[in-house]
Each structure stands twice: as structure tokens, then as C-alpha cells.
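Chemist: one predicted model, sequence on top.
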Amino acid sequence: MFVTTVKHLFLLPWNAPWAAARSAETYNIMEALKLKLKQQIIEALNLQDTRPEDIDDNAPLFGEGLGLDSIDSLELMVLLERQYQIKVEDPREGRKILQSVQTMAEFIKSKQAA
């Protein structure tokens, strides 16, 4: 029985336990970043009656979602620059980045990894 167990153990990818741990760590880092972003958005835009849990990660920030406008988008660009040292030059890229909290977090993470 032990031989069979050892035999099956070697059929697993060599890094399976570490990959799972790395994946969980990445998930936790992204969740923490999204929570921090929500708090920063609430503070920067003075959304007094909004709590972080009220903001869905994938909900649009503009229009139907939070209902932000073009002035708010400028504030969010300033937030990215001040808090994360990320300056977005291209307005088209800015629209993609500011679609949701999720897209903002992914963009920040990609810039921090670079």
C-alpha cells in the first residue's frame, strides 16, 4: 500500500503544494488591494454614505455602477499617481483601467510587478 501511495505521489506535479500556496497568497494580495482601493475611492471622492462592501469588484465605476463622472475620473487618476506612483498618459488606457475596482487592481498589480 505504501508503495502505491509513493508511486501516486510522484504523478503529481513537483510544485503542486507550492503552487497552491502561491495561488492563495496571490488571491489574498489582490483581495487586500481591492479593499484598499475601495477605501481610497470612498475617501478621494468623499462618498460619505458608501462602505467598501457596497462596491462590487466588477461593477462599473461610471454610469450604472457607482455613477461616477468625468471629474471623478480625474480624481481617480490623481489617486493612482499619488498612492501608487502610476501616471496614465493615454485617455483610452485610462478608460480601460477605470472600468471597475477589479480592472484598477489588476493594472496596479501589473505595474508593481514590472
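Modeler: Done, it's in.
Chemist: which residues touch residue 68?
Modeler: 45, 61-62, 76 (C-beta atoms under 8 Å, 6 or more residues apart in numbering). For the C-beta atoms, the positions are set from N, CA and C on the backbone; glycine is no exception.
Chemist: kindly report the same for residue 109.
Modeler: Taking C-beta under 8 Å, 6+ apart as the criterion, residue 109 is in contact with 29-30, 33.
Chemist: now the buried members of the residues you listed.
Modeler: Of the members of the contacts of residue 109, the ones counted as buried by neighbours, 16 or more other C-beta atoms under 10 Å, are 30, 33.
Chemist: and residue 68, bridged to which residues?
Modeler: Residue 68 has these beta-bridge partners by DSSP bridges: residue 62.
Chemist: report pLDDT for residue 25.
Modeler: Residue 25 is assigned a predicted lDDT (pLDDT) of 70.
Chemist: in this protein, where is pLDDT below threshold?
Modeler: The chain contains residues with pLDDT under 70 at 1-24, 26-27.
Chemist: hmm, 80 instead?
Modeler: 1-27, 114 (pLDDT under 80).
Chemist: for the residue nearest to residue 61 when sequence neighbours are not counted, give its distance to residue 32.
Modeler: The shortest distance from residue 61 to any non-neighbouring residue, by C-beta to C-beta, 6 or more residues apart in numbering, is to residue 68 (5.1 Å). Distance, residue 68 to residue 32, using C-beta to C-beta, to the nearest Å: 23 Å.
Chemist: gap between residue 46 and residue 68?
Modeler: For residue 46, the distance to residue 68 - C-beta to C-beta - is 12 Å.
Chemist: who touches residue 102 in this structure?
Modeler: Residue 102 makes contacts with 34, 57-58, as judged by C-beta under 8 Å, 6+ apart.
Chemist: which element, helix or strand, includes it?
Modeler: helix 101-113 (DSSP states H and E).
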